[in-house]
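In: Would you be able to build a 3D model of this:
(chains A and B)
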Protein chains: 2
Amino acid sequence: MPQGQPLTVPDDGLTTRQRRNRPLLMVHTGDGKGKSTAAFGLALRAWNQGWSIGVFQFVKSAKWRIGEQTVLERLGRLHEETGEGGSVDWQKMGSGWSWTRKQGEAEDHETAAREGWREIESRLVRQTHDLLILDEFTYVMKWGWVDVDEVVATLADRPGHQHVVITGRHADPRLIEAADLVTEMIKAKHPMDVGQKGQKGIEW
Amino acid sequence: MPQGQPLTVPDDGLTTRQRRNRPLLMVHTGDGKGKSTAAFGLALRAWNQGWSIGVFQFVKSAKWRIGEQTVLERLGRLHEETGEGGSVDWQKMGSGWSWTRKQGEAEDHETAAREGWREIESRLVRQTHDLLILDEFTYVMKWGWVDVDEVVATLADRPGHQHVVITGRHADPRLIEAADLVTEMIKAKHPMDVGQKGQKGIEW
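Out: Purely as a prediction, here's the structure:
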């Protein structure tokens, strides 16, 4: 976390408090590990603030359950039971979005991805969540399954105070341009380069 | 997460299973965000596996409580109450390590950092944890408060199956060399560059 004072003070007519509380569009990209993991780490902070969290997994691990899903959904139940923290809605394209009620049925990925984005658009308008994590959404953009300019415009025009994190490699330059915060995770060294496979607790 | 097969199969006499389950030394470094956040995200997976988790915060946010601490300690209590997940021991140098019982007293940071490392060494020998997060420990190494060669040797020789994550900028080349997995977080764009300060739920 950067410490201390900002490097410049922008001439945007906002007070420090207004600027501080500006909702952020964040992008975690690059070939290294930690893009999704850091996004789910942010969800911990959000839960602790009592925020409503929406997670939308577009590609990776979508048919199976990663540890973060189990734990964040457990925290969501804790919220329902005790009022602690915030709510958690975890949606996966691979097993069928819950709202499409097509779990288990074969569905073409492009259609499913478009349906996912349409739902997110709708939730942004309704301001359903305080934090939205669009996991692996860069691929959906890269493959042209959604219109990048339209996505960027929708994100830029979102009302209220909704933080958005988008993860995945090959983030489109227009998304980078629109984002407030971009972190590139670089693989400096990885055990799979020397013949090691993934393992539980570390990769999922 | 990288998918598919390893690029090479090493001639190390290990089976795939043995190689898969090799404990990892991981380093999150670089100037970007997400180093600690990704480490705490890994802790979610570890908790879900029922692992014992030890977090040692050496510098950052050490006097105050970040959201991840509150949530992970809550998960630790859930483990005690219901047996779900794993245990969590969260230690902070800034407010005094719990075992030194010097909370609130002024203590010189170098001495405190050395005491932290000594405790970690002892826990590694006793195999207290399945996952140890040494948050911001790179600075302690960089400032010469601990002997880097000794730290690296202790980590390399740790018994059993203990995963270790070390976070912070300016990781020593000897630590990089010893690590199994190194991710560099690069700041591609940050709101503080354009005059925005940190905000709750995002920075803490």
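In: so for the helix ranked longest in chain A, what's the average pLDDT?
Out: Looking across chain A with DSSP state H, the single longest helix is helix A:109-126. Helix A:109-126 comes out with an average pLDDT of 95.
In: Pull out the buried residues from it.
Out: When burial is assessed from 16 or more other CB atoms under 10 Å in any protein chain shown, helix A:109-126 yields the following buried residues: A:109, A:112-113, A:115-117, A:119-121, A:123-124. Glycine gets a C-beta too; all of them are placed from N, C-alpha and C.
In: swap in stretch A:154-170?
Out: So stretch A:154-170, judged by 16+ other CB under 10 Å, has buried residues A:154-155, A:158, A:162-169.
In: show me where chain A has strands.
Out: Per DSSP state E, chain A carries strands over the ranges A:25-29, A:53-57, A:88-92, A:131-135, A:163-167, A:181-189.
In: Just send those back as JSON lines, with distance to residue B:141 and mean pLDDT too.
Out: Converted to JSON lines, the strands of chain A look like this (distance: least, CB to CB, whole Å; pLDDT from 0 to 100):
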{"stretch": "strand A:25-29", "distance to residue B:141": "26", "mean pLDDT": "96"}
{"stretch": "strand A:53-57", "distance to residue B:141": "35", "mean pLDDT": "97"}
{"stretch": "strand A:88-92", "distance to residue B:141": "37", "mean pLDDT": "95"}
{"stretch": "strand A:131-135", "distance to residue B:141": "33", "mean pLDDT": "98"}
{"stretch": "strand A:163-167", "distance to residue B:141": "30", "mean pLDDT": "98"}
{"stretch": "strand A:181-189", "distance to residue B:141": "17", "mean pLDDT": "89"}
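In: State the distance from residue A:118 to residue A:75.
Out: 27 Å (CB to CB, to the nearest Å).
In: Could you do residue A:181 as well?
Out: In terms of CB to CB, residue A:181 sits 24 Å off from residue A:75.
In: how about low-confidence regions in chain A?
Out: A:1-21, A:60-64, A:101-107, A:190-198, A:204 (pLDDT under 70).
In: just the helices in it please.
Out: Using DSSP H, helices in chain A cover A:16-20, A:35-48, A:67-82, A:109-126, A:137-142, A:148-156, A:173-178.
In: Deepest-packed of those, please.
Out: helix A:35-48 (a mean of 27; mean count of other CB atoms under 10 Å in any protein chain shown).
In: what's across from the residue nearest the centre of chain A in the sheet?
Out: What sits nearest the mean C-alpha location of chain A, by CA atoms, centre = their mean, is residue A:133, with 2.0 Å. Residues in a beta bridge with residue A:133, per DSSP bridges, are residue A:55, residue A:165.
In: Does it touch residue A:46 like I think?
Out: No. Contact criterion CB atoms under 8 Å: residue A:133 and residue A:46 do not qualify, at 9.2 Å.
In: what touches both of these two?
Out: The contact sets of residue A:133 and residue A:46 overlap at residue A:53 (CB atoms under 8 Å, 6 or more residues apart in numbering or on different chains).
In: ok, residue A:171 - contacts?
Out: Contacts for residue A:171 (CB under 8 Å, 6+ apart) come out as A:27, A:29, A:138, A:141, A:182.
In: for those residues, which one is nearest residue A:52?
Out: Nearest to residue A:52 out of the contacts of residue A:171 is residue A:27 (CB to CB; 21.3 Å).
In: Distance check, the closest one against chain B.
Out: From residue A:27 across to chain B, the span is 8 Å (CB to the nearest CB, to the nearest Å).
In: just checking, that residue touches residue A:175?
Out: Yes. If you go by CB under 8 Å, residue A:27 and residue A:175 touch, sitting 6.1 Å apart.
In: what touches both of the two?
Out: What both residue A:27 and residue A:175 touch, as defined by CB under 8 Å, 6+ apart, is the set A:138, A:166.
In: Let's have the strands of chain A in JSON lines, adding distance to residue B:189.
Out: Shown next, in JSON lines, are these (distance: least, CB to CB, whole Å):
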{"stretch": "strand A:25-29", "distance to residue B:189": "8"}
{"stretch": "strand A:53-57", "distance to residue B:189": "23"}
{"stretch": "strand A:88-92", "distance to residue B:189": "27"}
{"stretch": "strand A:131-135", "distance to residue B:189": "18"}
{"stretch": "strand A:163-167", "distance to residue B:189": "13"}
{"stretch": "strand A:181-189", "distance to residue B:189": "4"}
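In: Residue A:99 - nearest residue in space that isn't next to it in sequence?
Out: Among residues not flanking residue A:99 along the chain, residue A:119 sits closest, at 6.1 Å (CB to CB, 6 or more residues apart in numbering or on different chains).
In: tell me the contacts of that neighbour?
Out: By CB under 8 Å, 6+ apart, the residues touching residue A:119 are A:56, A:91, A:97, A:99.
In: Now the buried members of the residues you listed.
Out: Buried by 16+ other CB under 10 Å: A:56, A:91, A:97, out of these.
In: TSV for those residues, including distance to chain B?
Out: Formatted as TSV, the entries for the buried ones among the contacts of residue A:119 read as follows, by distance: CB to the nearest CB, whole Å:
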residue	distance to chain B
A:56	17
A:91	18
A:97	22
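In: List just the nearest of the residues you listed to residue B:86.
Out: The closest of the buried ones among the contacts of residue A:119, once distances to residue B:86 are taken by CB to CB, is residue A:91, at 26.3 Å.
In: related to what we said a few turns ago, the residue nearest to the centre of chain A: what's it in contact with?
Out: Residue A:133 makes contacts with A:39-40, A:42-43, A:53-56, A:164-165, A:167, as judged by CB under 8 Å, 6+ apart.
In: For chain B, state which of these is nearest.
Out: Nearest to chain B among the contacts of residue A:133 is residue A:40, at 4.7 Å by CB to the nearest CB.
In: picking that back up, among the contacts of residue A:119, list the two that are farthest apart in space.
Out: Greatest spacing in the contacts of residue A:119, by CB to CB: A:56 and A:99 (11.1 Å).
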